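Next input, structure requested:
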Amino acid sequence: MPSSDSLLDQATRCLVGSRVTGGPAMPPMACWSDGGGLWMTTSRHAAKVAALRRDARCAVWIEPSDATDPGVAIDG
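So this is what the prediction gives:
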């Protein structure tokens, strides 16, 4: 089973859960880790960006490369 750090180091995609009008949303985003933080990228005009600007509380899910291993969930 990989450690959380190694899974973060290998991550290229994540799901970001945030509050949007009408309920929660979990759109996929490109991501990477520099060892000190998790970085994500998307269009600055994306609806998910507007939602996160309104309410920055979110949760991030990073799937494991092997479905039998646990993923990593981050909230904040």
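
how about residue 27, what does it touch?
Residues counted as contacts of residue 27 (C-beta atoms under 8 Å, 6 or more residues apart in numbering) are 15, 16, 46, 48. For every residue, glycine as well, the C-beta is placed using N, CA and C.

Please, where are all the helices along the protein?
Across the chain, reading from the start of the chain, the helices by DSSP state H fall at 4-10, 47-54.

Render the CA-only coordinates of the shortest one in CSV, please.
Once non-C-alpha atoms are left out, helix 4-10 reads as follows in CSV (Å, rounded to 0.1, in the frame of the first residue of the first chain):
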residue,chain,number,x,y,z
SER,A,4,-0.2,9.3,1.2
ASP,A,5,3.0,11.3,0.3
SER,A,6,3.8,8.9,-2.6
LEU,A,7,0.3,9.0,-3.9
LEU,A,8,0.4,12.8,-3.8
ASP,A,9,3.7,12.8,-5.6
GLN,A,10,2.2,10.7,-8.4
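
sorry, back to before: could you tell me the least trusted of the helices of the chain?
Ranked by mean pLDDT, those end with helix 4-10 at the bottom, a mean of 77.

now residue 14, nearest residue through space, not along the chain?
Excluding the flanking residues, the one nearest residue 14 by C-beta to C-beta, 6 or more residues apart in numbering is residue 31, at 4.4 Å.

oh, I was asking about residue 73
Counting by C-beta to C-beta, 6+ apart, residue 61 is the residue found nearest to residue 73 once chain neighbours are left out, at 5.5 Å.

Contacts only, for that neighbour.
14, 15, 17, 26, 71, 72, 73.

burial measure for the third one, as a count.
By the measure other C-beta atoms under 10 Å, the count of residues near residue 17 is 15.

That concludes my questions; thank you for your assistance.
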